[in-house]
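J.: Show me the folded form of this:
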Amino acid sequence: MSPRRRDAAGRGRQAALRDGSALRWPGATAKFALFGEVLWVGVLCCIAGLAIVTVPASFAAGSAHLHRFLRAEDSTVRHFAADFTAALRTGWVVGVALLVAAALLLVDLVVAGSRTLPGWQLVLAAGIVLLLGLLVALAGITARWQAARSWRAAGHLWLTDARQDPAGVAWLVAAVVLTAMVGWQLPPLVIPGVGCLVFAALATSVRERSSRS
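T.: Residues are numbered from 1 along each chain as shown. Below you'll find the predicted structure:
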């Protein structure tokens, strides 16, 4: 490592100690290990979400898993399975609702893409925006499930944070778009993309805000 890079790394560690982030998130100091854990979460979420209706529960368990890792707490597959089971108890309802909504929007996009409807451009644009909003809401809510252990409370937290932190929502929109683009161009990259998306959603959920009600 060059002297300039060592100095930059040293300044970064000192800043983390000053603002308390290293104490709050000790697991984040091991950057390579964190990267590997993000990829591993992508694998776990994709396996747990194979039934489609289990996707919300798998994302919630993945977010809780990464949260424990960042806190330097025990983050084993057994804990992931326990969180997944807990989230799935009522999360399957969320999964069914998500599946129905996504299916309707995809049908809308297919019909609009056929260009047989009058004003198909507006229908297509509206469908894309609504589908993007659905995926962003999914990521945002699942990132907050571990804090509330309730889907209703997680939804309330997401709406509150979205009003207070529009920049965080914009970052999450970018993460969803990038994940979708990567998965569309090279399907095998969906697995690491999902892990990165879960991590991005968790990061935006713990951003500092002036207040939270």
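
J.: Where does pLDDT dip in the chain?
T.: Low-confidence segments of the chain (pLDDT under 70): 1-25, 27-28, 30, 208-213.

J.: Mind jotting down where the helices sit in it?
T.: Remark: helices assigned in the chain by DSSP state H are 3-19, 21-24, 31-48, 55-70, 77-113, 120-148, 151-164, 166-185, 190-205.

J.: gap between the fourth one and the chain center?
T.: On the basis of Cα atoms, centre = their mean, to the nearest Å, helix 55-70 sits 9 Å off its chain's mean C-alpha point.

J.: In terms of secondary structure, what does that helix contact?
T.: Applying 3 or more Cβ pairs under 8 Å, 6 or more residues apart in numbering; DSSP states H and E, one finds that helix 55-70 makes contact with helix 31-48, helix 77-113, helix 120-148, helix 190-205. Just so you know, the C-beta spots here come from the backbone N, C-alpha and C atoms, and that holds for glycine as well.

J.: again, but for the third one
T.: With contacts defined as 3+ Cβ pairs under 8 Å, 6+ apart, helix 31-48 has these neighbours: helix 55-70, helix 77-113, helix 190-205.

J.: highest average neighbour count across the helices and strands packed on helix 55-70?
T.: Mean neighbour count (mean count of other Cβ atoms under 10 Å) peaks for helix 190-205 among those, with a mean of 23.

J.: Tell me the helices and strands packed up against that one.
T.: Using 3+ Cβ pairs under 8 Å, 6+ apart: helix 190-205 touches helix 31-48, helix 55-70, helix 120-148, helix 151-164, helix 166-185.

J.: any idea of the angle the second one forms with helix 151-164?
T.: With axes from the mean of the first three to the mean of the last three Cα atoms, to 10 degrees as the basis, helix 55-70 and helix 151-164 are set at 70 degrees to each other.

J.: how big is the angle separating helix 55-70 from helix 77-113?
T.: Using the same axes, to 10 degrees: helix 55-70 against helix 77-113 is 130 degrees.

J.: Helix 55-70 vs helix 190-205, what angle?
T.: Relative orientation of helix 55-70 and helix 190-205, computed by the same axes, to 10 degrees: 70 degrees.

J.: and what of the first one?
T.: Here helix 31-48 runs at an angle of 110 degrees relative to helix 190-205 (the same axes, to 10 degrees).

J.: In CSV, could you pull the C-alpha coordinates for helix 31-48?
T.: Provided in CSV are the C-alpha atoms of helix 31-48 (Å, rounded to 0.1, in the frame of the first residue of the first chain):
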residue,chain,number,x,y,z
LYS,A,31,-14.2,-4.7,5.0
PHE,A,32,-13.3,-7.9,3.1
ALA,A,33,-15.2,-10.0,5.7
LEU,A,34,-18.2,-7.7,5.3
PHE,A,35,-18.1,-8.0,1.5
GLY,A,36,-18.1,-11.8,1.9
GLU,A,37,-20.9,-11.7,4.3
VAL,A,38,-23.0,-9.5,1.9
LEU,A,39,-22.4,-12.1,-0.8
TRP,A,40,-23.4,-14.9,1.6
VAL,A,41,-26.6,-13.1,2.5
GLY,A,42,-27.4,-12.9,-1.2
VAL,A,43,-27.1,-16.7,-1.3
LEU,A,44,-29.2,-17.2,1.8
CYS,A,45,-31.9,-14.8,0.6
CYS,A,46,-32.1,-16.4,-2.9
ILE,A,47,-32.5,-19.9,-1.4
ALA,A,48,-35.0,-18.8,1.2
